[in-house]
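**Student:** Sequence plus predicted model, see below.
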Amino acid sequence: MSNVKLESIRKSFGPVDVLHGISVDITSGEFVSLLGASGCGKTTLLRIVAGLESVTSGRVEIDGQDVTALPPERRDISMMFQSYALLPHLSVYENVRFPLRMRRIGNREEQDARVRAALETVQLGALGERRPRQLSGGQQQRVALARAVVSNPKVLLLDEPLSNLDARLREDMQVELIEIHKRLGLTTLFVTHDQEEALSLSDRIVLLNRGRVEQEGTPAQIYASPATRFASSFLGSANLVEATVGEENGQPVAELADGQRLALPAATSLRGAVTLALRQEDLSIGSAGQPAGLRAQVRTRVYLGARNRYVLTLAGAPVRALTSNELAFGSGDMVSLGIDPARVRVLPR
Ligand SMILES: Nc1ncnc2c1ncn2[C@@H]1O[C@H](COP(=O)(O)OP(=O)(O)OP(=O)(O)O)[C@@H](O)[C@H]1O
């Protein structure tokens, strides 16, 4: 069953068109990420679902009901903001109870049970008496999450909820979000500009580009088969190298700008000017002269502990490679860049 249905949503702020007709269906219980670069309209779309922003045209349905004209408080949704927006003068407990009081949900006893359950869900059962300023950033974030789920909304909207956390805490919270989502089964719409976050959390990703849906699918589908140049460069930090595809003995072969050639899988149907998308983790680096590789020159090497990230020049284009081999090459070295043709995406230019 479709829980949230967005139909041809358009939004303009004065003369500026921000959303150009977005349609998305979200199934009950699904975790969907809206992924896109800064300014592509993610937050605007989320605010439209919440009822905090009106549409210029289009329709928003929740559980089959047209809510396009309804105010936020009549939509049975919760939104958690990047800033958490906790009330500083209220205890953790009262912050979480706040939406129940506002919406007059349950009597005192029922509210108490719900608040306690929500605090348990985010593992803050012991800190109910504290004030927000007596909590760490991660704990404040959990309070905001408990407050968002306490009313058991039909839809949970999360706007970059992890962006204020440091890297380590962010990873912990990602795991926690997945577990909380599993436990509560809430339909969740999650806004992020972070592709790794979207890949690790979502059942489905809707990739937005300048107010349009660029591609949607499961994380595996989008990661493995980006449909456009934009999708490739946005997901998986792909390298984009221009080439021309011709044939040799009936087999497709890509010729790079410097004349080097790379055999492509027989199933490659495109011919002529293309862009090759090469994922940095799919590239290997060996000593120059190995027959299978392409000639490339090392520009820089960044030591990452277990791995090295190289920036190389391949046919005049910068290419990044992430390797875990022991060999260390230095800038200026000529190397052989190994590419598995089956891992190359060939995109129209
Ligand atoms: N109230 C407003 N008035 C005018 N323009 C606005 C308003 N709100 C947003 N915009 C513009 O709409 C575009 C999309 O903004 P939005 O906040 O939805 O982007 P976003 O993808 O969420 O970006 P970010 O990740 O930076 O928050 C931007 O160009 C922004 O400047």
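**Tutor:** It's in.
**Student:** Name the residue closest to the centre of this protein, please.
**Tutor:** In the chain, the residue lying closest to the centroid (Cα atoms, centre = their mean) is residue 198, at 2.9 Å.
**Student:** Figure out the helix or strand that that one lives in.
**Tutor:** Assessed by DSSP states H and E, residue 198 sits inside helix 195-201.
**Student:** interface residues of the protein facing the ligand?
**Tutor:** Contact residues, the chain versus the ligand (Cβ under 6 Å from any ligand atom): 13, 16, 18, 36, 38, 39, 40, 41, 42, 43, 44, 193. For the C-beta atoms, the positions are set from N, CA and C on the backbone; glycine is no exception.
**Student:** let's see it at 5 Å
**Tutor:** Contacts of the chain with the ligand, taken as Cβ under 5 Å from any ligand atom, map to 13, 18, 38, 39, 40, 41, 42, 43, 44.
**Student:** now those in a markdown table, with neighbour count and secondary structure?
**Tutor:** Shown next, in a markdown table, are those (neighbours: other Cβ atoms under 10 Å; DSSP: H, G, I helix; E, B strand; the rest coil):
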| residue | neighbour count | secondary structure |
| --- | --- | --- |
| 13 | 10 | strand |
| 18 | 18 | strand |
| 38 | 7 | coil |
| 39 | 12 | coil |
| 40 | 21 | coil |
| 41 | 22 | coil |
| 42 | 25 | helix |
| 43 | 19 | helix |
| 44 | 20 | helix |
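**Student:** ok, of the residues you listed, which one's closest to residue 94?
**Tutor:** residue 43 (27.8 Å; Cβ to Cβ).
**Student:** thinking that closest one is in contact with residue 191, fair?
**Tutor:** Yes. Between residue 43 and residue 191 a contact is recorded at 6.1 Å, counting by Cβ atoms under 8 Å.
**Student:** what residues do the two have in common as contacts?
**Tutor:** Residues touching both residue 43 and residue 191 (Cβ atoms under 8 Å, 6 or more residues apart in numbering) are residue 159.
**Student:** Just the residues contacting stretch 40-54, thanks.
**Tutor:** Residues outside stretch 40-54 that contact it (Cβ under 8 Å, 6+ apart): 4, 6, 9, 11, 18-19, 22, 34-36, 55, 60, 67, 70-72, 74-75, 77, 79, 155, 157, 159, 189, 191-193, 208-211.
**Student:** whoops, stretch 186-194 was the one
**Tutor:** By Cβ under 8 Å, 6+ apart, stretch 186-194 touches 3-4, 26-38, 42-43, 45-46, 49, 149, 152-163, 181, 198, 201-202.
**Student:** Ok, stretch 109-119 next?
**Tutor:** Residues outside stretch 109-119 that contact it (Cβ under 8 Å, 6+ apart) are 92-93, 96-97, 100-101, 105-106, 125, 127-128, 146-147, 149-152.
**Student:** quick check: domain ranges of this protein?
**Tutor:** Split into domains by the TED database, the chain comes to 4-226, 237-348.
**Student:** Would you list the phi and psi of the residue of the stretch 101-250 of the chain found nearest the ligand?
**Tutor:** Closest contact between the stretch 101-250 of the chain and the ligand, by Cβ to the nearest ligand atom, is at residue 193 (5.1 Å). The phi/psi pair for residue 193 (degrees, to the nearest 10) reads phi -110, psi 0.
**Student:** So for the helix ranked longest in the chain, mean pLDDT?
**Tutor:** For the chain, the helix with the greatest residue count under DSSP state H is helix 167-184. For helix 167-184, mean pLDDT rounds to 81.
**Student:** Toward the C-terminus, what is the element adjacent to that helix?
**Tutor:** Using DSSP H and E, the helix or strand that follows helix 167-184 in sequence is strand 187-192.
**Student:** What strands line up against that next one, and which way round?
**Tutor:** Applying DSSP bridges to the sheet, strand 187-192 is found paired with strand 31-35 (parallel), strand 155-159 (parallel).
**Student:** who's in contact with residue 337?
**Tutor:** Neighbours of residue 337 in contact, by Cβ under 8 Å, 6+ apart: 283, 284, 285, 293, 294, 295, 296, 312, 314, 319, 321.
**Student:** I should have written residue 275 there, sorry.
**Tutor:** 229, 232, 240, 241, 242, 243, 346, 347, 348, 349.
**Student:** now swap in residue 221 and tell me
**Tutor:** With contact set as Cβ under 8 Å, 6+ apart, residue 221 has no partners.
**Student:** Helices of the stretch 101-250 of the chain, start to end?
**Tutor:** For the stretch 101-250 of the chain, applying DSSP state H, counting those that start in this stretch gives helices covering 108-121, 137-149, 167-184, 195-201, 219-224, 229-234.
**Student:** Could I get those helices in TSV, plus columns for distance to residue 250?
**Tutor:** Listed next are those as TSV, based on distance: least, Cβ to Cβ, whole Å:
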stretch	distance to residue 250
helix 108-121	60
helix 137-149	58
helix 167-184	47
helix 195-201	37
helix 219-224	27
helix 229-234	27
